[in-house]
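>>> Build me a model:
(2 chains)
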Amino acid sequence: MTIRRRLFFSFSLILFLFAANLVIYFWSNAQRSATITNFNTAITREIVVSAIKQDLNDLQKEISLMSQTAVDSGSTGFPPAQIASFKGRIDTLNGRIEHLRLLSDPSLRVRILPFQTKVAELGKSWLIFYQNFGVQNDKAVMELAIHADPTQAKVMKLLPLLQADETKEVEAATANFDAVTALTERMTLIIFGISTIIAIFVAFRVSRYLTRGLNKLKEGTASIGKGNLDQRIAIRSKDELGDVASAFNEMTGNLLSARALLTESNTQLERRNQEIDQQREKTESLLLNILPAQIAEELQLKGKVEPKYFEDVTILFADIVGFTLSTETLAAEDLVYLLHDYFTAFDNITKRYGLEKLKTIGDNYMCAGGIPVRSPSHPVNVVMAAFEMIKAVQDRAHPEALAQWSIRIGIHTGPVIAGVVGIDKFAFDVWGDTVNFASRIETNAAPNRINLSERTYSRVKDFFLCEHRGKISTKEMKEVDMYFANGILESLLTLSPVDREILSHGAQAETFIPPAFQRRYRVYFQSDPPDFPRFFSHTVETDDEQPS
Amino acid sequence: MHPIQMQRTTQKQRAGLQRLLQVALLSALFSCLVLSVSIRAASAGDLAIIVNSSVDVDNLSLAEVRQIFLGDKQFWTDDLRVTLLVRAPVAHERDVVLKSIYRMTEAQFRQYWISKVFRAETPTGPKIVYSSDMAADLVEQIPGSITFIDVTQVPEGAKVLRIDGKLPGEKGYPLH
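Numbers count the residues shown, from 1 in each chain, chains lettered A, B, ... in the order given. Just a heads-up that it's a prediction; the model follows:
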């Protein structure tokens, strides 16, 4: 049975019980009304009988006293108005008796009739007495004595019987009223009690049924809310609760399927995100390979890179000496292999010293310091990187090598314009006289030597041992001062006994920087050197070994 | 016997009876006349208690008379009510009755009957008559009635009661 039908039947039953109570109430009222009507009628009859008795007594006393009263000899009797009044009283008395007769049951009317007849006769006699009193006294007395008194005696005999009948009627009506009242009260209480019990029973059953079902739904919902999608609500009734439970279970099944699909989708999405991340990392890596990190970031954010002016940049050009000859003797693959090996070494060096590789042009390697991140130490860093490059080339120029190349390095410091050109295969590049002049400095360098411009020299002379080459004519026929950087100032390579002890243990040999060099670097640039060409460390002598 | 002979015999007997009745009637009338004359002559001033002929009483004691006139005895028999007829005030007979039977004054008499009626001790009180003739006339007509009149006013044929065995005019008669 559905809940709607269950509730409908429950409410209908309660309504029916209510109607039954109402019917009993009206029935009780009708019963009581009937008995009250009978009771009232009986009481009214009793009152009427009392009034009749009172009227009779009054008239009787009046007549009796009048009969004892002497009148004057010249009396003409009562005036007509007084006689009429007396007659009215007689009529009233007769009217009361008629009223009593009409109020009575047919059985009682039979008893009233003789009384009514006698009273009527008595009334007539009294009226005759009244009319003749004081006029024809003998006739008045005769009427009174012969007719009225005997009739009055009979009336007075009938009256108590009538009163007794009416009293019995009243008692019967009272008893009937009490009995009906008791019966209706008992019936009302019984029906009300039964109705209350049935209503409570029905309400209890329906509420318990609904509460149980709802509690199961609540528990199921709570369990599912905690993520237990295997939970099923065990309501198998064929009503709304059963429908809700079925829908809920179906929804839970769908949720389980959806969760599985979602999990699968998430897995796929994560996989794709990983792939995308990998692709992005590759893209960023590729981008970082061709662009500085800051430039790449700007390009990603804005989609373009604004040209920037850098007032202080150190440009390094490195040109492999002997490459042209090798192109004639080596296979292309070997040539490319060698060049890749050299430039890879250079790339590592530029990274270690915080420099920016700009490009390679054939056997020419170009990098810069102080760009795109401005720093005051870039001339020193570039020169240290140049020493590392020469060391790398020298290490590869052993007799068993395919080629014994050397390297020519030119370094110049000055302002440049930096930017990214093109939209396809774009590249970060620098432009300006500084670039051209650095190239000229490289051109005028010597194999495995580092040629510095005047400006660069002035910036690094406190760190490196330099050799003035004098004024050298450039391609544009300009005479400029150039310097070879031969190594690090010996004073900066001096080690204390403690430093030497540390270095001898080799514990920090790979990261060891001569303290003097480091202190000066810190004093000049308020930072630590990014790296240090340690092959210089091994060549220096200790303070103890050096002559004072 | 021959029917004609029988008829003559019956006629003779009837004539004898008629004669006998005439003699008896004349004797009764004579005796009544003698009695009446003797009473009038002998007891002028006495009150005679007369009753209706329906009353089957000839003699009453003075106490019984008193009970009747006081309304304490209201029935002669079960179906014959006593009807008191009393002379109106100022009448000599009334004064005698008040004095000798009721033993009350006029005011006490009135108060007595008013109280008795209002206490419902009697359904009817005494009825006033205004003359001896009226009293005698009503007594003759009203069954169970009783009244008192001067002995000289007693009509012929009225039933006069003995009081304590005495008629008015006799020695020891109490009402005078």
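
>>> now the helices: where do they sit in chain B?
Remark: helices assigned in chain B by DSSP state H are B:3-42, B:62-69, B:92-97, B:106-118, B:132-141.

>>> How much space separates B:L138 from A:F129?
13 Å (CB to CB, to the nearest Å). C-beta: built from backbone N, CA, C; applies to glycine.

>>> ditto for B:E106
24 Å.

>>> Neighbour count: the two, which is higher?
Higher neighbour count among B:E106 and A:F129: A:F129, with 24 against 13, using other CB atoms under 10 Å in any protein chain shown.

>>> Now for that one: which residues touch it?
A:63, A:66-67, A:140-141, A:143-144, A:148 (CB atoms under 8 Å, 6 or more residues apart in numbering or on different chains).

>>> who wins for neighbours among those residues?
A:A148 leads these on contacts (other CB under 10 Å) with 29 neighbours.

>>> Surely that one is in contact with A:Y130?
No: using CB atoms under 8 Å, A:A148 is not in contact with A:Y130, being 10.4 Å away.

>>> Please identify every residue contacting each of those two.
The contact sets of A:A148 and A:Y130 overlap at A:I63 (CB under 8 Å, 6+ apart).

>>> neighbours of B:K99, just the number please.
Neighbours of B:K99 using other CB under 10 Å come to 12.

>>> Over to A:I450?
A:I450, neighbours per other CB under 10 Å, totals 31.

>>> Need phi/psi at it.
Dihedral angles of A:I450 (phi, psi; degrees, to the nearest 10) stand at phi -110, psi 120.

>>> rewinding a little: widest-spaced pair of the contacts of A:F129?
A:M66 and A:E143 (12.3 Å; CB to CB).

>>> pLDDT below threshold where in chain B?
Applying pLDDT under 70 to chain B flags residues B:1-44.

>>> and A:V430, that one's in a strand?
Yes: counting by DSSP: H, G, I helix; E, B strand; the rest coil, A:V430 is found in a strand.

>>> How much space separates A:E510 from chain B?
Separation of A:E510 from chain B (CB to the nearest CB, to the nearest Å): 155 Å.

>>> Where does that residue fall, secondary structure wise?
Assigned by DSSP states H and E, A:E510 belongs to no helix or strand.

>>> Next up, the contacts around it.
Neighbouring residues of A:E510 by CB under 8 Å, 6+ apart: A:R534.

>>> ok now do the closest residue to chain A within chain B, which residues does it touch?
Nearest residue of chain B to chain A, counting by CB to the nearest CB: B:A88, 3.9 Å away. Contact analysis of B:A88 by CB under 8 Å, 6+ apart lists A:70, B:94, B:128-130.

>>> follow-up on the earlier one: filter the contacts of A:F129 to keep only those in contact with chain B.
A:67, A:141, A:144 (CB under 8 Å from any CB of the partner chain).

>>> which residue packs closest to the first one, ignoring adjacent ones?
Ranked by CB to CB, 6 or more residues apart in numbering or on different chains and with sequence neighbours excluded, the top spatial neighbour of A:S67 is B:K127, at 4.5 Å.

>>> can you check A:R232 too?
Leaving out its chain neighbours, A:R232 is closest to A:N249 (CB to CB, 6+ apart), at 5.0 Å.
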